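Chemist: Sequence unavailable; structure follows:
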């Protein structure tokens, strides 16, 4: 080794050579530190980008309009039935009231621009108000209506304001209205409850995550029901029962290789086998859950085996010596001791499954489903898939929704991992 | 309905458990049972539940096929006159009619009758299912319960079922692998019937756009996958250039230099990166990194495309950092302390020890870690689907946009799937290549790591 020459030269000119060696030492050390700093910086940069572009989605701009619930405008009698109220053309009512509130807006194109300041959900808001309280008919009431996505973006600074009119999402006049309303107190920001209560929508200001959250929950439920018992049983077999022979070895090698198969391959498997061969319903949590459980099985098996290995052999020997059968030994003594480790592994596996997108895309869980799924054989979406769909959408209003969706999924992941850490800390036993 | 049936079977099995246990207890009086009462209970529950569940699953999977075959048989003459595609369409119309989907247009004279028949047969089948499941479950319960005697070895019987269950559970992994290989091979075989193998492996043009209508005969699509492979490798290379040095440097720092307290704080933060879903990285790449790379390129006077390989590769590299860093950390820590101490005793500084003693000793493990990381990069889907190109482009320039195997799989399967169309089938051929590549990388990596470990144990 060339080390020998260094050492022999140390005697002759120690200070110069050693200075160089110590400089090299410091340089090397700094390189290592640089690596760590770069890695940590990318964590911060990544999370910082997500949070800074996503937090604003939790608030929505609303505008106030004085609505006169005029029976003549609504084309109903003084004492309408619920059905009549349901049938009223609320969009016309809303437009007419806007015209009344802003009589200076005369041209049709301008009126349209004015109406475009509001979300298209405005008529629905009026309908709900009237249906909830029919005595409103004939009254005038100040109603808060969601702003359109464009107005919302400008107000929050998510879309540039100081650029030429053509490239801006609002016209000069619309911008003037926005400023005027903000000044007069006709604009306010409210918590975006819709984000958590409604499904996807073609208008960014109306879109929510509820359908995707329910879809993900159902998918994970199927995953849990399949992968936990099967994973634990497989681990018990491999760790406690399997004879040392070729078959066990093949199974073991297989599990390790399966853990490294790209997730998209599992999607292809689901498509070819579950959908085309077995004819299971496409794009449902049932199929998604089966695919994800095949994917998480290796994780759960490996973690469960580690947990079983950690149970000292003396426990088994003691049970067997007392006359317990192998199954009794496993169920009464080994499994209860290994359970915290197995649960931890399962939760970590489920957390991985929650973030998986590609296999779910392959089996068609990307359809636009406006309804919130109610069972495992309903068409559904999932959290990461919804995030992908929003991210791919060309409309700018979806950017903050995407980032906010990511924040939600990250919170779920953090919670699951905290639960896993808690379980491990609380029930961990050392012998 | 299936859900209710399953619940009913479970309730019946639970009932069976109590029935069996109580009977065992009642005959125990004064003498000794072979097995504990609860094993008799479980035995009865298994006999009651398992056959019924198996029957249910089989029935549910085969009922639609049988019912439709019966309907088709009744239509025989007119139906056989139809071509295969028309027959499929006709069945779909009949099915929609039967489900009462409003607005179904049909010009088949017999569709109405067939739909009524389909509905009637399905209803009969449902009743028959409930009846036969009930019969099987109750019969199983009764039989098993009548078996209960003092000498009956209920525990052994239950344990046999349990042993079969745990063996089958561990075989699921093998069955999954077999299913993956078979399904990929089968669909790829269909693909290679239409596109010759040598064209796929060595062709330089990838353009799977197929004529949408039959009269658009001109474009037949090109399936030369070389640009797709080269794009995959280019992005993986960029990723490794980012993740390799950073991951290795942080592994060295964590394992050799960092104080325990720093390590305890910084390492979990770094490992956060491993837990973030890949779709998040994809969004990050498309929203932030790609424009950044583009602007930087413009500053330097370089033409950078919006979906450049560089942006996708850099972000993928960030994703892989914790992977390399923790694997390399493990192998570096596994180098025996005696080697380090020997080197220090010879007067070497810490960095000299790392460079000349630890690296050579840990090299096989580090190579293994890199191979695993490359396999991860090749198989990664969402980052490239969101930030890399969609069109195949044969280039080695990371500033241009290139596509990858996984992107092409996604492109081929999102939207309309037709399993006789080479565009859809190409996804499976690409999947087969991907599976083979990652499998080889993993096997080689695991072999290297294993051999290295044996060296020091």
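Modeler: Sure thing, it's come through. The model shown is predicted, which means the values in this text are computed figures rather than measured ones.
Chemist: Mind giving me the packing neighbours of the lengthiest helix in chain A?
Modeler: The longest helix of chain A (DSSP state H) is helix A:14-54. Helix A:14-54 is packed against helix A:3-10, helix A:398-427, helix B:226-252, helix B:260-275, helix B:278-284, helix B:309-334, helix B:350-353, with contacts defined by 3 or more Cβ pairs under 8 Å, 6 or more residues apart in numbering or on different chains; DSSP states H and E. Every C-beta, even on glycine, is put in place using the N, C-alpha and C of the backbone.
Chemist: Tell me which of the ones you listed sits nearest to residue B:292.
Modeler: Among those, the nearest to residue B:292 by Cβ to Cβ is helix B:309-334 (7.8 Å).
Chemist: pLDDT score for residue B:105?
Modeler: pLDDT for residue B:105: 63.
Chemist: for the one 5 residues further on, same thing?
Modeler: According to the prediction, residue B:110 has pLDDT 70.
Chemist: Test my guess that it contacts residue B:75.
Modeler: Yes: assessed by Cβ atoms under 8 Å, residue B:110 is found in contact with residue B:75 at 6.0 Å.
Chemist: From the neighbour counts alone, determine which of these two ranks first.
Modeler: residue B:75 (20 against 16; other Cβ atoms under 10 Å in any protein chain shown).
Chemist: Residue of the stretch 1-150 of chain B nearest chain A, please.
Modeler: Nearest to chain A in the stretch 1-150 of chain B, going by Cβ to the nearest Cβ, is residue B:61, at a distance of 6.6 Å.
Chemist: and the gap between the closest residue to that residue other than its chain neighbours and residue B:418?
Modeler: Spatial nearest neighbour of residue B:61, excluding adjacent residues (Cβ to Cβ, 6 or more residues apart in numbering or on different chains): residue A:278 at 6.6 Å. Per Cβ to Cβ, to the nearest Å, residue A:278 is found 19 Å from residue B:418.
Chemist: got a list of what residue B:10 touches?
Modeler: By Cβ atoms under 8 Å, 6 or more residues apart in numbering or on different chains, the contact set of residue B:10 is residue B:49.
Chemist: what about it, distance to residue B:48?
Modeler: According to Cβ to Cβ, residue B:10 stands 10 Å off from residue B:48.
Chemist: Please apply the same query to residue B:131.
Modeler: 16 Å.
Chemist: Please apply the same query to residue B:393.
Modeler: 63 Å.
Chemist: Check residue B:96 too.
Modeler: Distance from residue B:96 to residue B:48, by Cβ to Cβ: 39 Å.
Chemist: again, but for residue A:400
Modeler: 55 Å.
Chemist: Ok, residue A:31 next?
Modeler: According to Cβ to Cβ, residue A:31 and residue B:48 sit 68 Å apart.
Chemist: more crowded one of the two?
Modeler: Taking other Cβ under 10 Å, residue A:31 and residue B:48 do not tie; residue B:48 has more neighbours (30 against 15).
Chemist: That one sits in which helix or strand?
Modeler: According to DSSP states H and E, residue B:48 maps onto helix B:37-74.
Chemist: Please compute how far that helix lies from its chain's middle.
Modeler: Distance of helix B:37-74 from the chain centroid (Cα atoms, centre = their mean, to the nearest Å) equals 28 Å.
Chemist: Flag every buried residue along that helix.
Modeler: For helix B:37-74, the neighbour count (16 or more other Cβ atoms under 10 Å in any protein chain shown) marks B:37-53, B:55-56, B:59, B:63, B:67-68, B:71-72 as buried.
Chemist: Chain neighbours aside, what residue packs nearest to residue A:240?
Modeler: Closest residue in space to residue A:240, ignoring its immediate chain neighbours: residue A:330 at 5.8 Å, by Cβ to Cβ, 6+ apart.
Chemist: try residue B:320
Modeler: Computed as Cβ to Cβ, 6+ apart, the closest residue to residue B:320 that is not its neighbour in sequence is residue B:243, at 3.9 Å.
Chemist: if I look at the one you found, how far off is residue B:258?
Modeler: Residue B:243 sits 19 Å away from residue B:258, taking Cβ to Cβ as the criterion.
Chemist: Give me the more crowded residue out of the two.
Modeler: residue B:243 (28 against 19).
Chemist: ok, that one touching residue B:315?
Modeler: No: shown here, residue B:243 and residue B:315 do not form a contact pair, counting by Cβ under 8 Å, at 10.6 Å.
Chemist: Hmm, residue B:417 is touching residue B:424, no?
Modeler: Yes: Residue B:417 is within contact range of residue B:424, at 4.9 Å (criterion: Cβ under 8 Å).
Chemist: For those two, work out which one has more neighbours and name it.
Modeler: For the pair residue B:417 and residue B:424, the greater number of neighbours falls to residue B:424 (21 against 18), based on other Cβ under 10 Å.
Chemist: State the mean pLDDT of the helix or strand encompassing the more buried one.
Modeler: Element membership for residue B:424, per DSSP H and E: helix B:422-456. For helix B:422-456, mean pLDDT is 85.
Chemist: Buried residues in it, which are they?
Modeler: Buried positions in helix B:422-456, judged by neighbour count with 16+ other Cβ under 10 Å: B:422-435, B:437-439, B:441-443, B:445-446, B:448-449, B:452.
Chemist: next one: stretch B:241-259
Modeler: B:242-258.
Chemist: How about stretch B:278-289 and chain A, any contact?
Modeler: Yes: using Cβ under 8 Å from any Cβ of the partner chain, we find that stretch B:278-289 touches chain A at B:278, B:279, B:280, B:281, B:282, B:283, B:284, B:286, B:287, B:288.
Chemist: Count the residues that sit near the residue of the stretch 201-350 of chain A found nearest chain B.
Modeler: Closest approach of the stretch 201-350 of chain A to chain B (Cβ to the nearest Cβ) occurs at residue A:262, with a separation of 2.6 Å. Neighbour count for residue A:262, taken as other Cβ under 10 Å: 24.
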